[in-house]
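A.B. asks: the following comprises the amino acid sequence and a computationally predicted model.
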Amino acid sequence: MKKTYQGVLFDLDGTLLNTINLYGYLVNQLLEEYGFPGHTLDDYKSFIGSGTRNLIKRSLPAEKQTEDHIAPMVERFKELYEKHYTEKCKAYKGIRETLISLKSSGVRLGVLTNKVHYLAVACVKHYFPEVRFDMVIGQSKEYRKPEPSGAIALAGKFGLPMADIVMIGDTEVDIQTAKNAGMDSIAVSWGFRKKEALQAENPTYMIDTCKELQSILLAVTSCS
Ligand SMILES: O=C(O)COP(=O)(O)O
């Protein structure tokens, strides 16, 4: 019999929201300001997923990946992101409808992202105003994927055991987070990593379309 989940945790970047054009634009601008060479969008796809500090570190030339370079650039990046987060991003096809259907069938919804917490909250509010998430957790000292603390806090908020919750994400970090928390996982191939890299993490499910997501999570499929 098909397993049903009472709670669903979504990663943000590359899973709910395609933010790659914004990241490419902002980090290239940041690197230019500091006199470093920029990168392609494909490069950034591989740099995103472990939070802003790691994104900037991975974007810098190897010999410049030191705290004295990274720390001020993280602060400047947050300023730029705050100014531009309403630009250049798009919800993936069918995601909005899936979230609304899940919520109306009584499933608890959370966002667990490595985006800085206050920016994660602002993005979710701006791009998904019609979706009532039970809780959004972004990165902070306390919560940082793949550590399980964020997933554990969300399970506590939902009042559900880990076995009833599934984590959905587009990077190895998300699948590792689910494993570390003792949850099932769904890896999606429409985000920032190659399918082979995700398969190597042995997610519970590996999917390519929103339709497949609905058929795992909902009794009825309506996503085209
Ligand atoms: O690494 C980030 O900044 C955000 O990544 P996530 O939404 O995929 O967790």
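C.D. replies: Good, I have the coordinates.
A.B. asks: residues from the protein in reach of the ligand?
C.D. replies: 11-14, 48-52, 55, 113-115, 145, 171 (Cβ under 6 Å from any ligand atom). C-betas here are computed from N, CA, C, even on glycine.
A.B. asks: packing partners of the longest helix seen in the chain?
C.D. replies: The residue-count maximum for a helix in the chain (DSSP state H) belongs to helix 67-84. If you count contacts as 3 or more Cβ pairs under 8 Å, 6 or more residues apart in numbering; DSSP states H and E, helix 67-84 packs onto helix 20-33, helix 52-59, helix 117-127.
A.B. asks: buried set for that helix?
C.D. replies: The neighbour-count check on helix 67-84 (16 or more other Cβ atoms under 10 Å) flags 69-70, 73-74, 76-77, 80-81 as buried.
A.B. asks: next helix or strand past that helix?
C.D. replies: For helix 67-84, the following helix or strand on the C-terminal side (DSSP states H and E) is strand 90-91.
A.B. asks: give me the contacts around that following strand.
C.D. replies: 16-18, 127-128 (Cβ atoms under 8 Å, 6 or more residues apart in numbering).
A.B. asks: by neighbour count, which of the residues you listed wins?
C.D. replies: Comparing the contacts of strand 90-91 by number of neighbours (other Cβ atoms under 10 Å), residue 16 comes first, having 28 neighbours.
A.B. asks: which non-adjacent residue is nearest residue 132?
C.D. replies: In this structure, residue 132 finds its nearest non-sequential neighbour in residue 103, 5.8 Å apart by Cβ to Cβ, 6 or more residues apart in numbering.
A.B. asks: show me what the strand or helix carrying that neighbour is packed up against.
C.D. replies: According to DSSP H and E, residue 103 maps onto helix 95-104. If you count contacts as 3+ Cβ pairs under 8 Å, 6+ apart, helix 95-104 packs onto strand 108-116, helix 210-217.
A.B. asks: who touches residue 181 in this structure?
C.D. replies: 148, 151-152, 155, 162, 167.
A.B. asks: so how far is residue 144 from it?
C.D. replies: To residue 144, residue 181 is 13 Å away according to Cβ to Cβ, to the nearest Å.
A.B. asks: quick check: neighbours shared by those two?
C.D. replies: What both residue 181 and residue 144 touch, as defined by Cβ under 8 Å, 6+ apart, is an empty set.
A.B. asks: and for residue 61, the neighbour number?
C.D. replies: Neighbour count for residue 61, taken as other Cβ under 10 Å: 10.
A.B. asks: point out the most buried one among the helices and strands packed on helix 67-84.
C.D. replies: Stretch with highest mean neighbour count among the helices and strands packed on helix 67-84: helix 52-59 (a mean of 20; mean count of other Cβ atoms under 10 Å).
A.B. asks: widest-spaced pair of the contacts of residue 181?
C.D. replies: Greatest spatial distance in the contacts of residue 181: 152 and 167, 11.6 Å, computed using Cβ to Cβ.
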